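[1] Predicted model, plus sequence, below.
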Amino acid sequence: MIADAGPPLILMAIGLVLWLAVTATLAGVSIQTIGLIVFLAGAVWLAVELVQARSGARRTVVEEPVVRRDRRL
């Protein structure tokens, strides 16, 4: 099973840009702090996706044979 890693990576990239490249403050709120929080949220999301993909790959589905009983008595 493949992890859906695209959205968390995009979120991490946006967070890194805000954290490292933007040097502005907005009404007393640091854009760098928001970028760090967004980056960490993306990293946690990516970790969850990878753990779920890994646990899903280990599961094996055992199919039970279909037993049909004759309804005639």
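    Alright, I've got the coordinates.
[2] Please count neighbours and contacts with C-alpha atoms only from this point.
    OK.
[3] Which positions in the longest helix seen in the chain come out as buried?
    Determined from DSSP state H, the single longest helix within the chain is helix 31-58. By neighbour count on 16 or more other C-alpha atoms under 10 Å, the buried set for helix 31-58 is 31-32, 35-43, 45-46, 49-50.
[4] For that helix, give the mean pLDDT please.
    For helix 31-58, mean pLDDT rounds to 89.
[5] 460 is where my numbering starts, stick with that
    Happy to do that; since the first residue is 460 now, the last one works out to helix 490-517.
[6] what helices or strands is it leaning on?
    helix 465-479 (3 or more C-alpha pairs under 8 Å, 6 or more residues apart in numbering; DSSP states H and E).
[7] Go again with 10 Å.
    Under the contact criterion of 3 or more C-alpha pairs under 10 Å, 6 or more residues apart in numbering; DSSP states H and E, helix 490-517 touches helix 465-479, strand 484-485.
[8] Next, format these as a markdown table and append mean pLDDT and mean neighbour count.
    Compiled in a markdown table, the helices and strands packed on helix 490-517 are given as follows (pLDDT from 0 to 100; neighbours: other C-alpha atoms under 10 Å):
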| stretch | mean pLDDT | mean neighbour count |
| --- | --- | --- |
| helix 465-479 | 95 | 17 |
| strand 484-485 | 84 | 9 |
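[9] Nearest approach to Ser514 belongs to which of those?
    Counting by C-alpha to C-alpha, Ser514 lies closest to helix 465-479 out of the helices and strands packed on helix 490-517; the figure is 18.7 Å.
[10] Report the two of the buried residues of helix 490-517 separated the most.
    Checking those with C-alpha to C-alpha, the most distant pair is Ile490 and Leu509, at 28.5 Å.
[11] Show the end-to-end separation of stretch 479-497, please.
    In stretch 479-497, first residue to last residue: 12 Å (C-alpha to C-alpha, to the nearest Å).
[12] what's that stretch in contact with?
    With C-alpha atoms under 10 Å, 6 or more residues apart in numbering as the test, stretch 479-497 has contacts from 467, 470-478, 498-503.
[13] With stretch 498-515 instead?
    Under C-alpha under 10 Å, 6+ apart, the answer for stretch 498-515 is 460-478, 492-497, 516.
[14] re the thing from before, which of the helices and strands packed on helix 490-517 sits closest to Val525?
    helix 465-479 (39.9 Å).
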